[in-house]
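Chemist: Attaching a predicted model along with its sequence, questions to come.
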Amino acid sequence: MASNKPNKLAFLSMPAPASYVAGLGRGASGFTTRSDIGPAREGPSAEVIAEAQARRGEDTEVDPEQFQDPDNEYGLFAGTAYEQDDEEADKIYEAVDAAMDARRKARREAQEQAQLAKHRAERPKIQQQFADLKRGLSSVTDEEWQSIPEVGNLTKRKRPKYERTYAVSDSILVGDRSRGEYENSLDPMQQQTGGLVTPAEAGPTNFVEIGQARDKILSLKLDQVSGTSTSSGLSTSIDPKGYLTSLNSVVLKSDAEIGDIKRARMLFDSLIKSNPKHAPGWIAAACLEEHAGRMVAARKLIKQGCEQCPKNEDVWLEAARLHNKDDAKVIFANAVQHVGQSVKIWLAAADLENDVKAKRRVLRKALEHIPNSVRLWKETVNLETSASDARVLLSRAVEVIPLSVELWLALAQLETLDKAKAVLNKARKAIPTSHEIWIAAGRLLEQEASMLGAEKTEAEKKKALDLVDKTIEAGVRELRKHGVLLTREQWLKEAEKCETQGSRLTCEAIVKATIAMDIEEEDRLETWIDDAEGALSRNMVGTARAVLAYALKVFPDKKNLWIRAAGLEKAHGTSESLDAILTEAVKHCPQAEVLWLMAAKERWMSGNVQGARDVLATAFDANKESEKIWLAAVKLEAENGHLDVARELLIRARSTADTERIWMKSATFERQQGQLDAALETLSAALKKFPKFSKLYMIQGQIYQSQNNFPAARSSYAAGYKACPKEPTLWVLASRLEEADGKSIKARALLDKARQVNPSNELIWAEAVGVEERSGGAAQAKAMLARGLQDCPSSGLLWTMSIWLEPRPQRKTRALDALKKTNDNPLVICTVARLFWAERKIERARQWFERAVPPRPDDSVETGADNGDLWGWWLKFERQHGTEEHREEVRVKCVAAEPHHGIVWPAIAKDLKNNGKSTREILEMVADVLQ
């Protein structure tokens, strides 16, 4: 009976559908074989594979190069050759990248340093966090240290103790039992030989004869060393002292070194046998034998080398070195027969001669063989003692070697001026590409111009000097015509060389002719300033002066350039040259106040008061409303005792310029002259015009305080810090007024209010610490100082106070922390110097004092040199431990720095009693007050 159920396996007998691949549905598409697909049957297409992967939920693989930019040349020229043009292009791109990177390098590095410092401040290291605690361990006593409990098991868990036992072997027990026993019987062997005597085949040993033989041999050796032989009765040639000396000079070689020498000897033997014409092999083999101490073998080897390599000069030189002087002469005599053109051989042969005539004879013989050797001619000329003979030799030398610049220049130096010109002209024609000849011609003309007598007119002298410039300019043109292109840096080096040799005009001529070469027009000023600074750093003042002079001709209206030139003349020139520079400066820059003030000050400092007045009078015409010029004129008249003229100038200045500073100087002038009422009237009028100028309130309050009018002074200071709340000096003066009136509590309240208005101000915090100290509360002062350091962590003033509040053993550690926190603040550096002073480390203290007051690179930059207290401490130190030269050095540097700041210095400098005193006198007074 047939079944109606469908056959599930019927598909096995059916033909496969088109593009069917077995296992494709389960991802086994890669396992088709040739038997499955048949011959020449194609696999599944990309569309079929994509559909199957989509059904399984797989992501299609993305070709990374399908989105490649067609304009991108990546890999386009991968197979081409890397030529010189490609290398040059890569270098240009690298140079551009380096220039772009260097342009912002300083700014980027500063930003990175600031970010790093901020990160370190926010997240300090564990070591920094526990630094104070680690330093505190130094105060732990031995008893406290011993009382620290030992580390133990604090887990309160009883750990089992594992104890293992082992059974002892019987052999160990028996051996231990018989360890202390004694033998009391003889074994059979000992009984046969008669006890412990070892049997001998012969008779007993005669030790007497052995001792006599040993003594005889030793005496023979001693006789040989001492130089006498008792056996033969003849004297030997051995010197005892010399023998001992030679023993000391013997180099004892280790086994490893001896082995190395043997291996090297085998290698060199193989080398010279396989290639006997190889000169370095013979030389190395001889040196090896010399090192091994076998001089005879070394000489024998080098002799064979000379026979095998007679045309090599190094072999002959090595052979001469290995022999004594007489043998070396014979060797060189043989050498010149084979290598007569070797300059080294002839020079070495001349060096062997002790007599000058013999040396001269050898060198002249050498010139017969090698007439075109410059070195031989120079050595021959150097041996001549007569200038005429040297001149004759050099004349012949330049005929034989016309292309030698050295010989032409040497001949020109020996000739007179007129003949030297002819020599240099011949040299210029023979060697048109030599810049040294043109420079020598310029130096010669400069020398001729300097020798002109007084009978010559100024025009003739000027013409002779201009001839130097024309010669150098012509030389530069001719060199360019012949294709000789020296860079600016090379010409500047030649100019510096001329300055070193004393040719100032030639140096200036070279700078004028070449300073503008190879430079863009917009970069000229910066480049020339860099050139001048570089020359000054190498102490080439003449070159720097010439560069600045040329720059001033091109840029006569640049104020900073004139200031640099004036600074150069002030440091390295004369007062006349400085005055000339400043006179030219004010002509080209009449609106530059600083140039007028510099000119007037220099004339005043040189003693020409009337000249200073004339300069200021001319300055008034160009700058009628300049307060600096008005105040300079007032100071000039007041310092020279013309008080009425100074007062009249101040009245005119108040009506003409009418600035707050002029009003302040007017009040200060009246106060210095004792006219307190007039000063107060001037201040009242000034405060109506300038109510926001804090110094007016300060002067008014100080005048009232000097009159013991505390309420009026208090009112002035109160009005001041209300009008100018951001001025910390007003708050400090108001606090000191309350403290002087016996109201310390009110002083503290004022400073608390000041800290709220002016957060993170070191002056206010320092004054608060001072109030606590003066009130007798050392603990309160230390607590206040700790709060101040938290608010101002980089304040040099507060760190200095903190160092001195520490006990003596901890001050150095505190100073080290202060240097790190304040980035080498001058006040902290001075404190470190004082610490060294207290420890009697004089030189270290002097170095740190000098480090605290570095010179200012510019007037706009403030350094420790502007703090007068630091100079006072240094002078006080030198008074105690230095000499008069050290003290004078401090005074001179202080006067040049012109300090104005500090704590003690302003109080003494602005005291009415010290009106009109110089910087040197104020420095002495500050040093007396400091303690």
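Modeler: Great, that's in hand.
Chemist: So residue 439 versus residue 419, what's the distance?
Modeler: 19 Å (Cβ to Cβ, to the nearest Å). Any C-beta I mention is one placed from the backbone N, CA and C, and that applies to glycine too.
Chemist: quick one, which of those two is more surrounded?
Modeler: Remark: of residue 439 and residue 419, residue 439 carries more neighbours, 25 against 13, as counted by other Cβ atoms under 10 Å.
Chemist: residues contacting that one?
Modeler: When contacts are counted by Cβ atoms under 8 Å, 6 or more residues apart in numbering, residue 439 is found next to 472, 475, 494, 498, 506, 510.
Chemist: Now the second one: closest residue in space, sequence neighbours ignored.
Modeler: Once flanking residues are discounted, residue 475 sits nearest to residue 438: 3.0 Å by Cβ to Cβ, 6 or more residues apart in numbering.
Chemist: Make sure that neighbour is indeed in a helix.
Modeler: Yes - according to DSSP: H, G, I helix; E, B strand; the rest coil, residue 438 belongs to a helix.
Chemist: Pretty sure residue 431 is one of the things it touches, is it not?
Modeler: No - if you go by Cβ atoms under 8 Å, residue 438 and residue 431 don't touch, sitting 10.4 Å apart.
Chemist: So for these two, which sits in the more crowded spot?
Modeler: Taking neighbours as other Cβ under 10 Å, residue 438 and residue 431 compare with residue 438 leading, 24 against 16.
Chemist: show me what contacts the more buried one?
Modeler: Counting by Cβ under 8 Å, 6+ apart, residue 438 has contacts 428, 471-472, 474-476, 478-479.
Chemist: what about 10 Å?
Modeler: Contact analysis of residue 438 by Cβ atoms under 10 Å, 6 or more residues apart in numbering lists 424, 427-428, 432, 471-476, 478-479, 494, 506, 510.
Chemist: Same question for residue 433.
Modeler: Residue 433 sits in contact with 403, 405, 478-479, 482-484, where contact means Cβ under 10 Å, 6+ apart.
Chemist: for the record, mean pLDDT for stretch 742-754?
Modeler: The average pLDDT within stretch 742-754 is 89.
Chemist: Next, the buried residues of that stretch.
Modeler: 743-744, 746-748, 750-751, 753-754 (16 or more other Cβ atoms under 10 Å).
Chemist: So how do I select the buried members of the contacts of residue 439 in PyMOL?
Modeler: To isolate the buried members of those in PyMOL, using 16+ other Cβ under 10 Å:
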select buried, resi 472+475+494+498+506+510
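Chemist: before we move on, the earlier item: could you dump the contacts of residue 433 into CSV with secondary structure, pLDDT and distance to residue 597 added?
Modeler: Formatted as CSV, these follow (DSSP: H, G, I helix; E, B strand; the rest coil; pLDDT from 0 to 100; distance: Cβ to Cβ, whole Å):
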residue, secondary structure, pLDDT, distance to residue 597
403, coil, 84, 59
405, helix, 82, 52
478, helix, 87, 48
479, helix, 85, 46
482, coil, 83, 52
483, coil, 83, 52
484, coil, 81, 48
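Chemist: Select only the buried ones of the residues you listed in PyMOL?
Modeler: Of the contacts of residue 433, the buried ones can be selected in PyMOL as follows, counting by 16+ other Cβ under 10 Å:
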select buried, resi 405+479
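Chemist: In TSV: the contacts of residue 433, plus distance to residue 325.
Modeler: Converted to TSV, those look like this (distance: Cβ to Cβ, whole Å):
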residue	distance to residue 325
403	37
405	36
478	51
479	49
482	49
483	50
484	47
